[in-house]
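Asks: Mind folding the following:
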Amino acid sequence: QVQLVESGGGSVQPGGSLRLSCVSSRSIFALNSMGWYRQAPGNQRELVATITKSDDTDVADSVKGRFTVSRDNAKNTVYLEMNGLKPEDTAVYYCKAVSLSTWRTYWGQGTQVTVSS
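Replies: Numbers count the residues shown, from 1 in each chain. So this is what the prediction gives:
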């Protein structure tokens, strides 16, 4: 079992920045990948950015150049640095992890990001 706890969401004006954090209850080395998805009202959950145990990243075209995913192995934490935020980035952001041994998927509880003037 893996518990994921997100933090760092909030309300910002367009052009602002936020950094989301996701702490895993298990060693990050036991996870094949960690990453971020988001879901806006009325929309499906979509990929934002992921990072594998090999440090390969996958970033959605809609946020490429503005968002950066990274991880701190010592803290079992993955980050999402968000710059140049736009109103269309408003959503609940969820952390996701995939177990290395079972390939089971785990989700955090979500953190709200609101971009508005």
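Asks: Now do the SS call for residue 88.
Replies: helix (DSSP: H, G, I helix; E, B strand; the rest coil).
Asks: What count of nearby residues applies to it?
Replies: 10 (other CB atoms under 10 Å). Using the backbone N, CA and C atoms, a C-beta is placed for each residue, glycine as well.
Asks: Now do the contacts for it.
Replies: Residue 88 sits next to 40, 62, 115 when contact means CB atoms under 8 Å, 6 or more residues apart in numbering.
Asks: before we move on, what about residue 7?
Replies: By CB under 8 Å, 6+ apart, residue 7 lies in contact with 20-23, 111.
Asks: what's the closest of the contacts of residue 88 to residue 86?
Replies: residue 115 (6.0 Å; CB to CB).
Asks: rewinding a little: among the contacts of residue 7, which ones are in strands?
Replies: 20-23, 111 (DSSP state E).
Asks: Farthest pair within these?
Replies: Once CB to CB is applied, the ones in strands among the contacts of residue 7 give 23 and 111 as the farthest pair, at 12.1 Å.
Asks: Those two: who's more crowded?
Replies: Higher neighbour count among residue 23 and residue 111: residue 111, with 23 against 17, using other CB under 10 Å.
Asks: The nearest residue to that one once chain neighbours are set aside: what's it in contact with?
Replies: In space, and not counting its chain neighbours, residue 111 is closest to residue 9: 3.4 Å by CB to CB, 6 or more residues apart in numbering. By CB under 8 Å, 6+ apart, the residues touching residue 9 are 18, 20, 93, 111-113.
Asks: Quick check: PyMOL command selecting the buried ones in those residues.
Replies: Burial among these is assessed by 16 or more other CB atoms under 10 Å; the matching PyMOL selection reads:
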select buried, resi 18+20+93+111+113
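Asks: From the contacts of residue 9, pick the one nearest residue 72.
Replies: Distances from residue 72 to the contacts of residue 9, taken by CB to CB, are shortest for residue 20, at 13.2 Å.
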